[in-house]
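Engineer: Quick one, structure for this:
(2 chains)
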Protein chains: 2
Amino acid sequence: MAIAGPEIERLIALLAKLPGLGPRSARRAALHMVKKREALLHPLAAALAEVGERVTVCSVCGNVDTSDPCTVCADASRDPATLIVVEDVADLWALERASALRARYHVLGGTISALDGFGPEDIGIGRLVERVAGGGVREVLLALNATVEGQTTAHYITERLEPLDVTISRLASGVPIGGELDYLDEGTLAAAIHQRRPFS
Amino acid sequence: MAIAGPEIERLIALLAKLPGLGPRSARRAALHMVKKREALLHPLAAALAEVGERVTVCSVCGNVDTSDPCTVCADASRDPATLIVVEDVADLWALERASALRARYHVLGGTISALDGFGPEDIGIGRLVERVAGGGVREVLLALNATVEGQTTAHYITERLEPLDVTISRLASGVPIGGELDYLDEGTLAAAIHQRRPFS
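Structural biologist: Next comes the predicted model:
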């Protein structure tokens, strides 16, 4: 039974596909927009149209942005000697939130996965090796997920980069800041013990 | 520090204004859309533009929809003898989800509130009285919120409708279905006791 016209019902159905929004919150969001037409609905429609028209994949790093090279690659203040390799754009955004390292990125767009039939060339590892071989990179930080696929990919990349004169590093494993030991899994705790550091 | 171009940052800022989305989930939603351009971003931009262009307030009941009269008013299968009065379009949508009564609605768009300087005519109670006086309505169900303002408004409407030959009703108060007594406030429990019904 339709409560509203087909245009509004369609808007609700599309909003419900966004991560974090279910059918009920999509309904609430749609109603909120309909009520705030000038302040929210029109600007959002315009923003979406503009992003939709301009969004592209960065030819340097594989990030998605509205310019090519992307905002991160175009930022001259970043250190070109450090290259952070991530699986996904979401990981790049997450690392940038930490503001810990003003480095460059390389987005693989996936991991090597025998199960899904994803080989090294499906995620363009050749392109990464070429980029590093091109010079200027001293350290490659493999910021891949701590999953089987992520670690397989990390090992493969390490092998491929071995002939080149670069330091290869990985993210530290351990107890999350603010985390309670009681709630952590055994693997994380074991890693935190094995990689213990001097108390300073 | 911008991670992405200004168009994407603006999209994120607008998404973060939606109810149920914070800055982090807005970022996730924006990225999800950027990645699913064909399946989500373009259709959503089109849906928003269409809704933005066509949305209007129903001249009969005050609902918002893309047609006037709205989908609910235009539905001939609804009983015109029962009129449900609600504060807000969100309440209309909520009651429709319950699918308990195929009635007509009247959306006030607010409540009488001395504090906010909202009088009876600011929420068009004259229009409601006219509509009921126009005939065909046998029951007016005041589905207003159980707040001081909601109940003040309900009492005022009752007074104004008194001269007309209509039954005035209100929503039942009591224990929510699936609710646990232990978690309910005293007011609700007192209402549930006073309005107890024969066990059948």
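Engineer: What about residue A:120, how many residues nearby?
Structural biologist: For residue A:120, the neighbour count with other C-beta atoms under 10 Å in any protein chain shown is 16. C-beta coordinates here come from the backbone N, C-alpha and C atoms, glycine included.
Engineer: quick one: it and residue A:79, what's the gap?
Structural biologist: Per C-beta to C-beta, to the nearest Å, residue A:120 is found 27 Å from residue A:79.
Engineer: Check residue A:22 too.
Structural biologist: Residue A:22 is 42 Å from residue A:79, by C-beta to C-beta.
Engineer: Next: residue A:117.
Structural biologist: Residue A:117 sits 36 Å away from residue A:79, taking C-beta to C-beta as the criterion.
Engineer: So between the two, which is more surrounded?
Structural biologist: Between residue A:117 and residue A:79, counted using other C-beta under 10 Å, the more crowded position is residue A:79 (13 against 7).
Engineer: Return the backbone torsion pair for the closest residue to residue A:184 other than its chain neighbours.
Structural biologist: Using C-beta to C-beta, 6 or more residues apart in numbering or on different chains and skipping the chain neighbours, the partner closest in space to residue A:184 is residue A:175 (6.5 Å). Backbone geometry at residue A:175, expressed as degrees, to the nearest 10, gives phi -80, psi 130.
Engineer: what sits opposite residue A:103 in the beta ladder?
Structural biologist: residue A:79 (DSSP bridges).
Engineer: burial of it, as a residue count?
Structural biologist: Around residue A:103 there are 19 residues (other C-beta under 10 Å).
Engineer: Repeat that for the one 10 residues further on.
Structural biologist: Other residues near residue A:113 number 17, with proximity taken as other C-beta under 10 Å.
Engineer: In the sheet, which residues pair with it? Tell me.
Structural biologist: Residue A:113 has the following beta-bridge partners by DSSP bridges: residue A:118.
Engineer: how near is it to chain B?
Structural biologist: As for residue A:113, its distance to chain B is 18 Å (criterion: C-beta to the nearest C-beta, to the nearest Å).
Engineer: From residue A:145, how far off is that residue?
Structural biologist: Taking C-beta to C-beta, one finds residue A:113 at 12 Å from residue A:145.
Engineer: surely residue A:181 meets residue A:189?
Structural biologist: Yes - with contact defined as C-beta atoms under 8 Å, residue A:181 reaches residue A:189; the gap is 6.8 Å.
Engineer: Give the intersection of the neighbour lists for these two.
Structural biologist: residue A:175 (C-beta atoms under 8 Å, 6 or more residues apart in numbering or on different chains).
Engineer: So between these two, which is more surrounded?
Structural biologist: residue A:189 (13 against 9).
Engineer: Can you name the residues in contact with the one helix or strand the more buried one maps to?
Structural biologist: Using DSSP states H and E, residue A:189 maps to helix A:186-194. For helix A:186-194, contacts defined as C-beta under 8 Å, 6+ apart pick out A:173, A:174, A:175, A:181, A:184.
Engineer: where do the helices sit along chain A?
Structural biologist: Secondary structure of chain A, counting by DSSP state H: helices at A:6-15, A:23-35, A:42-54, A:71-74, A:89-98, A:125-133, A:148-161, A:186-194.
Engineer: Just the buried residues of the contacts of helix A:186-194.
Structural biologist: Neighbour-count burial (16 or more other C-beta atoms under 10 Å in any protein chain shown) applied to the contacts of helix A:186-194 gives residue A:174.
Engineer: in the lowest-mean-pLDDT helix or strand in chain A, what's buried?
Structural biologist: Among the helical and strand segments of chain A, the one scoring lowest on mean pLDDT, DSSP states H and E is helix A:186-194, with a mean of 87. By neighbour count on 16+ other C-beta under 10 Å, the buried set for helix A:186-194 is A:188, A:191, A:192.
Engineer: and of the residues you listed, the nearest to residue A:126?
Structural biologist: Taking C-beta to C-beta as the measure, residue A:126 sits nearest to residue A:191 out of the buried residues of helix A:186-194, at 31.3 Å.
Engineer: In this structure residue A:161 contacts residue A:131, no?
Structural biologist: No - Residue A:161 is beyond contact range of residue A:131, at 10.6 Å (criterion: C-beta under 8 Å).
Engineer: who's more crowded, those two?
Structural biologist: residue A:161 (21 against 18).
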